[in-house]
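Engineer: fold the following.
(2 chains)
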Amino acid sequence: MNINATLFGQLIMFGLFVWFCMKFIWPPLVEAMAARKKSIEEGLLAAEQGREEHAQAQQKAQELIASTKNQAKEIIDNADKQANVMIDNAKGVAVDEADKIKAHAKAELDQEVVRARNELKDQVSTLVMQGVNSVLKKEVDAKAHKDMLSKLSQSL
Amino acid sequence: MAQGELTASAYIKHHLQNLTFGQHPDGTWGIAHGAEQAKEMGFWAFHIDTLGFSFVLGALFLFIFAKAAKRATVDAPSGFQNFVESVIDFIDENVRGSFKGKNPMVAPLALTTFIWIILMNTMDLVPVDWLPYAAQLMGVEYLKVVPTTDPNATFGMALGIFLLILFFSIKEKGLGGFVGELTLHPFGKWMLPFNLFLEGVNLLAKPVSLALRLFGNMYAGEMIFILIALLPWYAQWALSLPWAIFHILIVLLQAFIFMTLVIVYMDMAHQKEH
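Structural biologist: As a prediction, this is how the structure comes out:
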């Protein structure tokens, strides 16, 4: 346990160690830690910002979707209305046309009926005439009874 | 034991003897064989074991931390990096808490004292006979493995701290300010010699208490390990294990106290107002 020159050796060593630590160990470590701290803070801030932006974008998107939906609805409504109008118009036209066709057909039909009736009348009168002829033979004068017969056939 | 029979006091003495290199009375330089020869060498002798172990441990500390410093990046740190950085953080916090001045030297100083003293103290946990016995097999007569049980080591560090206190006191306060602090407090200029005596004792007590506290604690701990080692081999563990576990606390605590006091003394040296 003698105090001797070891003391100075230890002193010099201590000084060298502290110098080395101060020069090569402490500053880079502390700087790296500070830089990391800063980058973590920045990262957190950026994440927060990103989250906010995301929320905003989502809100915007929702608004956009809502407005688009409204627009689409309007368009569909309009189209519906227009379609209804068109259908109504078409219906009117169709009804008119149908009426026209119906009227036309009816007229034709009537004509046909008249024609058929007339024909039938003629045929009936001819038939009657033949029947009468065959029944009465001579007793009927075609000429004399023609008027009567035609009247008859007319009343059929 | 180099020679002689195995007595308890010889064993203890052997364990407490440093490997001393110095000048023999006959003028030749060499290693002392025994305590008497070491004493005869006077002041200009060196404890090779103390210097060697403290150098190796200090270099180990610097190597490990320099490696971490080289690898330090902004990216996520690895486990080893994390460990080193948590130590740095711990020291930084302590320095910030106690040291109010501005000096880039104080934190590295605190780090170096803390880790170096921990490593030197930890040598105490190596079973007391291992390294000396291994050294004996290699022909080295004496080996004291714990540098902090050598007052030269603790006083060497404390002397360094003392010089730093003087240097920064004069640098921060000026020579006049520092002398004034030593002479004009606490009783004014009419009690100047008394003030000087009080403040001088106060100033000198700082390094002396630093060195003696660390030395005393580690020396006592080492002494108890040596005494336990005198017990029969089958009974040793019952005492050495609890003492070693308790000693871990002392190892860390003494290093922490030393570091904290260094920071506080540095702070006092930087304070302008008394």
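Engineer: all helices for chain B, in order.
Structural biologist: Taking DSSP state H as the test, the helices found in chain B are B:8-15, B:35-40, B:48-71, B:79-98, B:106-122, B:130-137, B:151-183, B:192-229, B:233-270.
Engineer: same list, those helices, but as a markdown table with distance to chain A and mean neighbour count please.
Structural biologist: C-beta coordinates here come from the backbone N, C-alpha and C atoms, glycine included. As requested, the helices of chain B are exported to a markdown table (distance: least, CB to the nearest CB, whole Å; neighbours: other CB atoms under 10 Å in any protein chain shown):
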| stretch | distance to chain A | mean neighbour count |
| --- | --- | --- |
| helix B:8-15 | 11 | 15 |
| helix B:35-40 | 6 | 16 |
| helix B:48-71 | 4 | 19 |
| helix B:79-98 | 5 | 16 |
| helix B:106-122 | 4 | 25 |
| helix B:130-137 | 17 | 14 |
| helix B:151-183 | 3 | 19 |
| helix B:192-229 | 9 | 17 |
| helix B:233-270 | 10 | 17 |
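Engineer: nearest to residue A:117 among those helices would be which one?
Structural biologist: Closest of the helices of chain B to residue A:117 is helix B:79-98, at 118.2 Å (criterion: CB to CB).
Engineer: pLDDT score for the residue nearest the centre of chain B?
Structural biologist: A centroid search over chain B (CA atoms, centre = their mean) returns residue B:154, at 3.8 Å, as the residue closest to the centre. We note a pLDDT of 94 for residue B:154 in this prediction.
Engineer: quick one, what contacts the closest residue to chain B within chain A?
Structural biologist: Closest approach between chain A and chain B, counting by CB to the nearest CB: residue A:10, at 2.7 Å. By CB atoms under 8 Å, 6 or more residues apart in numbering or on different chains, the contact list for residue A:10 reads B:50-51, B:54, B:147, B:152-153, B:155-157.
Engineer: in TSV: these, plus distance to residue B:247.
Structural biologist: As requested, the contacts of residue A:10 are exported to TSV (distance: CB to CB, whole Å):
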residue	distance to residue B:247
B:50	19
B:51	24
B:54	19
B:147	16
B:152	22
B:153	18
B:155	22
B:156	23
B:157	20
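Engineer: what's the nearest residue to the residue of chain A closest to chain B if we skip its chain neighbours?
Structural biologist: Nearest residue to residue A:10 in three dimensions, chain neighbours excluded: residue B:156, at 2.7 Å (CB to CB, 6 or more residues apart in numbering or on different chains).
Engineer: pretty sure that neighbour contacts residue A:6?
Structural biologist: Yes - using CB atoms under 8 Å, residue B:156 makes contact with residue A:6 at a distance of 7.1 Å.
Engineer: kindly reformat the helices of chain B as TSV containing distance to residue A:82.
Structural biologist: Shown next, in TSV, are the helices of chain B (distance: least, CB to CB, whole Å):
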stretch	distance to residue A:82
helix B:8-15	111
helix B:35-40	118
helix B:48-71	75
helix B:79-98	73
helix B:106-122	83
helix B:130-137	103
helix B:151-183	93
helix B:192-229	99
helix B:233-270	88
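Engineer: run through chain A and note the low-pLDDT ranges.
Structural biologist: Scanning chain A for pLDDT under 70 picks out the ranges A:1, A:138-145, A:156.
Engineer: for residue A:98, see how far away the most centrally placed residue in it is.
Structural biologist: Residue closest to the mean C-alpha point of chain A, counted by CA atoms, centre = their mean, is residue A:76 at 7.1 Å. Going from residue A:76 to residue A:98 by CB to CB, to the nearest Å gives 31 Å.
Engineer: my read: residue B:84 touches residue B:64, true?
Structural biologist: Yes - between residue B:84 and residue B:64 there is a contact under CB under 8 Å: 7.2 Å.
Engineer: the residue nearest to residue A:10 and residue B:106, how far apart?
Structural biologist: 19 Å.
Engineer: repeat that for residue B:252.
Structural biologist: Counting by CB to CB, the gap from residue B:252 to residue B:106 is 21 Å.
Engineer: swap in residue B:125?
Structural biologist: Following CB to CB, the distance that separates residue B:125 from residue B:106 is 29 Å.
Engineer: distance from the longest helix anywhere in chain A to the middle of the chain?
Structural biologist: The helix that spans the most residues within chain A, counting by DSSP H, is helix A:26-136. Helix A:26-136 sits 7 Å away from the centroid of its parent chain (CA atoms, centre = their mean, to the nearest Å).
Engineer: residue ranges with poor pLDDT in chain B?
Structural biologist: Looking at chain B by pLDDT under 70, you get B:1-6, B:273-274.
Engineer: hmm, try it at 80
Structural biologist: B:1-6, B:74, B:76, B:185-189, B:272-274 (pLDDT under 80).
Engineer: what's the distance between the residue of it positioned farthest from its centre and residue B:18?
Structural biologist: Residue distances from the centre of chain B (CA atoms, centre = their mean) peak at residue B:190, which lies 39.9 Å from the mean C-alpha position. According to CB to CB, residue B:190 and residue B:18 sit 49 Å apart.
Engineer: shouldn't residue A:28 be in contact with residue B:70?
Structural biologist: Yes - between residue A:28 and residue B:70 there is a contact under CB under 8 Å: 7.4 Å.
Engineer: if I look at the residue nearest to residue A:10, how far off is residue A:22?
Structural biologist: 18 Å.
Engineer: and for residue B:65?
Structural biologist: 12 Å.
Engineer: from residue A:91, how far out is the closest residue to chain A within the stretch 1-150 of chain B?
Structural biologist: Of all residues in the stretch 1-150 of chain B, residue B:72 sits closest to chain A, at 3.4 Å by CB to the nearest CB. Separation of residue B:72 from residue A:91 (CB to CB): 86 Å.
Engineer: which one of these two is surrounded by more residues?
Structural biologist: residue B:72 (22 against 10; other CB atoms under 10 Å in any protein chain shown).
Engineer: pull the contacting residues for the residue lying closest to that one once chain neighbours are set aside.
Structural biologist: Excluding its sequence neighbours, the residue lying closest to residue B:72 (CB to CB, 6+ apart) is residue A:32, at 3.4 Å. Contact analysis of residue A:32 by CB under 8 Å, 6+ apart lists B:72-74.
Engineer: tell me the spacing between residue A:32 and residue B:88.
Structural biologist: Distance of residue A:32 to residue B:88, given as CB to CB: 10 Å.
Engineer: and residue A:93, by the same measure?
Structural biologist: Separation of residue A:93 from residue B:88 (CB to CB): 93 Å.
Engineer: same check on residue B:17?
Structural biologist: 38 Å.
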